[in-house]
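>>> sequence first, then the predicted structure:
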Protein chains: 2
Amino acid sequence: MISKAKIKLINSLKSKKYREKYKLFVVEGEKSIQDLLQAGMKAVSVFALSNIIEHFNDIDCELAEVSSTEMKKISFLKTPGNSLALFEQSKNLFEESFKSSFVLVLDNVQDPGNLGTIIRVADWFGVQDIVCSDDSADIYNPKVVQASMGSIARVKVYYTNLSEYLQNTKTEYTVYGSFMEGNPIYETDFQEKKIVVMGNEGKGISSDIEKLIDEKISIPRFTHKSKGPESLNVAMATGIILSEIKRKK
Amino acid sequence: MISKAKIKLINSLKSKKYREKYKLFVVEGEKSIQDLLQAGMKAVSVFALSNIIEHFNDIDCELAEVSSTEMKKISFLKTPGNSLALFEQSKNLFEESFKSSFVLVLDNVQDPGNLGTIIRVADWFGVQDIVCSDDSADIYNPKVVQASMGSIARVKVYYTNLSEYLQNTKTEYTVYGSFMEGNPIYETDFQEKKIVVMGNEGKGISSDIEKLIDEKISIPRFTHKSKGPESLNVAMATGIILSEIKRKK
């Protein structure tokens, strides 16, 4: 059973405003929930169908059995899963990122699916810190959580004023930015302490941020510009750049 | 104006059965339509809102103005665009692929978004031939068309019985397959004539196909297996592998 108040609370978490108010977010599906728990994130409530509720018996939080009709009322998915959990938002200390030798920076990445995919591939390549402009997609957006496949538990994502952040870090880090025209990544000699900036899906890196880039890099295109695709998806480009940087390490 | 029969025809093209019957597929949005036309694909009808219909004046096919109410009836998108076109499916001659020195093979890639993204990144890296197992997503699925961003006009996609195909090509090509465990791509010496096989989203490469692989390759993971993500998305993995192969060329 689930109370009307709880249903209302969960539904309110579709919106960033209420996620920030309650410092909570929604995770759906046993696999993702277990991943986040295993990575040390704190659940406050788990709602599960009768057939799998016992899988959550060990959890130290509210555990409630719900019917599939109730699950439909709380799920954000077209096809609701067998379980849904409320997790506490983690409090990452921004200062921690300054200790990293490699920080990924996202300038206004808007699509939640892209952000989730970027977090997942960053996790794969061992990049632990992502700094986003304040206008980027919200890490606790349900679509980001879904696409990141549990990686949001391991990769720290910070939101800040990017211009200020880059001005403060510039002396210590070499700042690379991904552009359509730039030094081919295969020939780039990446420095030990580095920041890599990826831009918005349609507009790329904004002009304010462009001024703070030390070196423009690009993924070589192997078809003629007039005949090939205009660009690569930003998540794809991020994965390819991370692979190339890690290969060289 | 658009006739009821035409609306019915367009809606039927959501299903592969009717796409194959009529040898047509739907493309939405001016950008994608123009991309495909420019790449030499043949439109049979374009339906456009009054404000942009003149952009299509030069096209040699049926051109009809539709109201936004009518557009809603024919569009497959939640937010319909300003134009929608019916294109003829292209007839790729499978034999052509045997001339390529590099063929990408997809073993049961199911998600249309993944297939579209793979076609786009293949196009970027100049890979012109993709051979899919018969049970892979259909290239003319509207979501594939959308995600490929016009690249379906340039990359040739074939469907066939993969076991037979690989048995026939094995003597001429070195067949690489992407696995969780395999030779790190950074250390792989890719042969001139090569086939790279990517597997299904959940299950990877099927056991029948695995037997036909000459060399297993994998994208190194830079986090510990028990702590990092389980896998990379197949489209992402394809992009990273293509980048690495092209870098070495």
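Structure received.
>>> max-length strand in chain A?
In chain A, ranked by residue count with DSSP state E as the criterion, the top strand is strand A:174-184.
>>> what is that one packed up against?
Strand A:174-184 is packed against strand A:194-198, strand A:215-218, helix A:234-248, with contacts defined by 3 or more C-beta pairs under 8 Å, 6 or more residues apart in numbering or on different chains; DSSP states H and E. C-beta: built from backbone N, CA, C; applies to glycine.
>>> leaving out chain neighbours, which residue sits closest to residue A:34?
residue A:55 (7.9 Å; C-beta to C-beta, 6 or more residues apart in numbering or on different chains).
>>> in three-state terms, label that neighbour for me.
helix (DSSP: H, G, I helix; E, B strand; the rest coil).
>>> tell me what the helix-or-strand element of chain A with minimal mean pLDDT is packed against?
Least confident element among the helices and strands of chain A, by mean pLDDT, DSSP states H and E: helix A:30-38 (a mean of 88). Secondary structure elements in contact with helix A:30-38, counted by 3+ C-beta pairs under 8 Å, 6+ apart, are strand A:43-48, strand A:83-88.
>>> other residues contacting the last one?
Read that as strand A:83-88. The contact list for strand A:83-88 (C-beta atoms under 8 Å, 6 or more residues apart in numbering or on different chains) reads A:10, A:13, A:23-30, A:33, A:36, A:41-49, A:52-53, A:56, A:71, A:74-75.
>>> restricted to buried residues, select those residues in PyMOL.
Only the buried members of the contacts of strand A:83-88 enter the following PyMOL selection, criterion being 16 or more other C-beta atoms under 10 Å in any protein chain shown:
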select buried, chain A and resi 10+13+24+25+26+27+28+29+30+33+36+41+43+45+46+47+48+49+53+56+71+74+75
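>>> OK, contacts around the closest residue to residue A:232 other than its chain neighbours?
Beyond its immediate neighbours in the sequence, the residue positioned closest to residue A:232 (C-beta to C-beta, 6+ apart) is residue B:124, lying 5.7 Å away. For residue B:124, the contacting residues are A:219, A:221, A:222, A:223, A:228, A:229, A:232, B:242, by C-beta under 8 Å, 6+ apart.
>>> now with 7 Å, please.
Residues in contact with residue B:124, defined by C-beta atoms under 7 Å, 6 or more residues apart in numbering or on different chains, are A:221, A:222, A:223, A:228, A:229, A:232.
>>> just residue A:149 next, same as before
Residues counted as contacts of residue A:149 (C-beta under 7 Å, 6+ apart) are A:32, A:120, B:229.
>>> got a winner among the residues you listed for most neighbours?
Each of the contacts of residue A:149 was scored by neighbour count (other C-beta atoms under 10 Å in any protein chain shown); the top score is that of residue A:120, with 26 neighbours.
>>> secondary structure element holding that residue?
helix A:112-124 (DSSP states H and E).
>>> state the mean pLDDT of whatever helix or strand comes next after that helix.
Along the chain past helix A:112-124, the next helix or strand (assigned with DSSP H and E) turns out to be strand A:129-133. With pLDDT averaged residue by residue, strand A:129-133 scores 96.
>>> pLDDT on the helix or strand following strand A:129-133, on average?
Where DSSP H and E defines the elements, the next helix or strand beyond strand A:129-133 is helix A:142-148. Confidence for helix A:142-148, expressed as mean pLDDT, is 90.
>>> and what of stretch A:98-116?
Averaging the model's pLDDT scores along stretch A:98-116 yields 95.
>>> quick one: end-to-end length of it, please.
Criterion C-alpha to C-alpha, to the nearest Å; first-to-last residue distance in stretch A:98-116 is 23 Å.
>>> list the buried residues of it.
Under the neighbour-count criterion of 16+ other C-beta under 10 Å, stretch A:98-116 has A:100, A:102-109, A:111-116 buried.
>>> ok, back up a step: can you lay out the helices and strands packed on helix A:30-38 as a markdown table showing mean pLDDT?
Listed next are the helices and strands packed on helix A:30-38 as a markdown table, based on pLDDT from 0 to 100:
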| stretch | mean pLDDT |
| --- | --- |
| strand A:43-48 | 96 |
| strand A:83-88 | 96 |
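>>> just send those back as CSV, with distance to residue A:62 too.
Formatted as CSV, the entries for the helices and strands packed on helix A:30-38 read as follows, by distance: least, C-beta to C-beta, whole Å:
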stretch, distance to residue A:62
strand A:43-48, 4
strand A:83-88, 9
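>>> can you pull the residues of chain A lying near chain B?
Proximity of chain A to chain B is confined to A:117, A:120-121, A:123-126, A:149-151, A:154, A:186, A:219, A:221-223, A:227-229, A:232-233, A:236, A:239-240, A:243-244, A:246-247 under the rule C-beta under 7 Å from any C-beta of the partner chain.
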